[in-house]
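In: My questions are about this predicted structure, shown below with the sequence.
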Amino acid sequence: MSQRRNLSFDELFGLAPPRRRFEEFLLMLRGDPYTPPSRFGPSSINILAGSLSLRTWLGKTRPDRRIPLYNLFNHTQTPPREGWSVRVTNVEDFRGGANTYDSHNGTDFAVPPGTVVVTAAPGKVLRISSEFNRGGLKVFIDHGRGLMTTSNHLGRALVQVGDIVERGQPIALSGASGVDMFFAFPWNCPHVHYNVWLNGEPVDPFARAGEASLWRCHNNPRPHSSSAPDDAPFEPSPWDADAVDDAIESCVDPELRRQLRSLRGLDFRAASTLFALNYYPTRFQERPLLYKDRFPRIPYLDLPFRAEDFQGVVHRDR
C-alpha cells in the first residue's frame, strides 16, 4: 500500500473542541427531550473483532489488498423512537447473516487511520460536519439522481463544502473519530462507516436477491479505474423546496429548526435537513420526500478508496 498520512491525536479521535465533545457524549448517554439515549448491552460485544482491530490499528492490511467488511447494513432496523441501538438483537445483513447490529445503517470498511478516502462517483460536497455522538467527522456528497453518500469516522477532510468532485478524487483521510471509536479503543476496529442514501432514505448499496446493486461491479465493489468510460457531466439532485421547508417546520427542536432555516442555498439547506432527518429522526414530526422525483436503484458507485491502495473487499468470515 502507498504511504498513509499521519494524523494528530485530536484529528484521529475528533476530540476538538473538548467542551462540545463532552456535551455530545452526554447526549449519546442520556438523550435529551427530543432524542432518546443510545442503547448498549452484553450483545454489543459481538460487534467487536479483536484480532482484526489490532492488526488494523497497527496499519496492517491484507496481502491480497482487499478491505474487510467490518459491519454491514442491517435490514431489520430498530425503530428510531427506541433510540440508537448498538445491541445485536434483531439483525440481518444482505446475505441473510448477522454481520451487523440493530441500528446499523451503513457499511463499515476496516482500514488503517490515515487511509485516503475518495468519492465513489462524481458529485458536489454539500456538508462537512463532526458530531462526536454520531460518527465523528463526515463528508456528505450529492451524486445526483437522489443519491447521496457520507463517509464517517474521518480524521481530516481534503475538500470544502461546495466543491465539485470527480469520481475517484480524494476527499478525506480516514480516522477513528466519534465516541464509539474513542471509548472502545483498541477493540473497535478503525473503519470508514459509509452511508448511502437514496431518495432521502438509508439504503444498502449491496443487493439482495432480485435487487439492483448500487455498486457498478454488483456486490464486488472495486475502486475507480482510469480506463473506465468517462462519466456524464454531474447534475445536482432536483430538490423540492416546499418539501424541504415542510420538513424544517415539522422539527420539534426549536434550536435545530432555527439553524436549518438560517442556511442559504437550497442544496445546502436540503442536505443539512436530510442529515438531521436521518441522524436525529425523533426531532421531526414529518418525513417528506425532499426531491421532486423518486429515483430507482442503478449501479453507479465505485469502492471509495484508491486503486493503488486496494483492489476490492472481503467478508469477515473469509
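Out: Looks like it arrived, so ask away. Numbering: from 1, shown residues only.
In: how about the helices in the stretch 101-250 of the chain?
Out: 179-183, 241-249 (DSSP state H, counting those that start in this stretch).
In: Among these, show me which one is buried the most.
Out: Greatest average neighbour count among these goes to helix 179-183 (a mean of 20), per mean count of other CB atoms under 10 Å. Heads up, the C-betas are built off the backbone N, CA and C, glycines and all.
In: Against V165, how distant is the residue of the chain most remote from its centre?
Out: In terms of distance from the mean C-alpha position of the chain, S227 ranks first, at 27.7 Å (CA atoms, centre = their mean). Separation of S227 from V165 (CB to CB, to the nearest Å) stands at 20 Å.
In: And I128, by the same measure?
Out: Here the criterion is CB to CB. By it, I128 lies 12 Å from V165.
In: anything in contact with each of those two?
Out: V159 (CB atoms under 8 Å, 6 or more residues apart in numbering).
In: The two - which one has more neighbours?
Out: Neighbours per residue (other CB atoms under 10 Å) separate I128 from V165, with V165 holding more: 21 against 17.
In: for S8, what are its contacts?
Out: If a contact means CB under 8 Å, 6+ apart, then S8 has no contacts.
In: Which residue ranges of the chain form strands?
Out: For the chain, the strands defined by DSSP state E cover 66-69, 107-110, 116-118, 123-131, 136-142, 147-157, 164-165, 170-174, 191-198, 201-203, 312-315.
In: Could you dump the ones you listed into TSV and include mean pLDDT?
Out: Shown next, in TSV, are the strands of the chain (pLDDT from 0 to 100):
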stretch	mean pLDDT
strand 66-69	98
strand 107-110	98
strand 116-118	98
strand 123-131	97
strand 136-142	98
strand 147-157	98
strand 164-165	97
strand 170-174	98
strand 191-198	98
strand 201-203	98
strand 312-315	97
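In: So for stretch 36-48, what gets flagged as buried?
Out: 38-39, 44, 47 (16 or more other CB atoms under 10 Å).
In: Return the member of those residues nearest to R20.
Out: Nearest to R20 out of those is S38 (CB to CB; 17.7 Å).
In: Name the nearest residue to that closest one, sequence neighbours excluded.
Out: With sequence-adjacent residues excluded and distances taken as CB to CB, 6 or more residues apart in numbering, S38 is closest to W84, at 4.4 Å.
In: before we move on, the earlier item: which one of the buried residues of stretch 36-48 is nearest S174?
Out: Taking CB to CB as the measure, S174 sits nearest to I47 out of the buried residues of stretch 36-48, at 18.5 Å.
In: quick one: that closest one from G146, how far?
Out: In terms of CB to CB, I47 sits 30 Å off from G146.
In: likewise D93?
Out: 24 Å.
In: Equivalent analysis for V313, please.
Out: V313 sits at a distance of 25 Å from G146 (criterion: CB to CB).
In: Would you format the helices of the stretch 101-250 of the chain as CSV with mean pLDDT included?
Out: As requested, the helices of the stretch 101-250 of the chain are exported to CSV (pLDDT from 0 to 100):
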stretch, mean pLDDT
helix 179-183, 93
helix 241-249, 98
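In: A212: which of the ones you listed is closest?
Out: Using CB to CB, the nearest of the helices of the stretch 101-250 of the chain to A212 is helix 241-249, at 25.3 Å.
In: which residues touch I141?
Out: Going by CB under 8 Å, 6+ apart, I141 touches 119, 123-126, 148-150, 165, 171.
In: Show me where the stretch 201-318 of the chain dips below the pLDDT cut-off.
Out: Low-confidence segments of the stretch 201-318 of the chain (pLDDT under 70): 317-318.
In: thought F9 was touching L15?
Out: Yes. Under the criterion of CB atoms under 8 Å, F9 makes contact with L15 at 7.3 Å.
In: Could you break this structure into its assigned domains?
Out: Following automatic domain parsing, one gets these domains for the chain: 9-225+298-315, 239-290.
In: would you list those in JSON lines and tack on distance to P233?
Out: Shown next, in JSON lines, are the domains of the chain (distance: least, CB to CB, whole Å):
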{"stretch": "domain 9-225+298-315", "distance to P233": "8"}
{"stretch": "domain 239-290", "distance to P233": "16"}
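In: Thanks a lot, catch you later.
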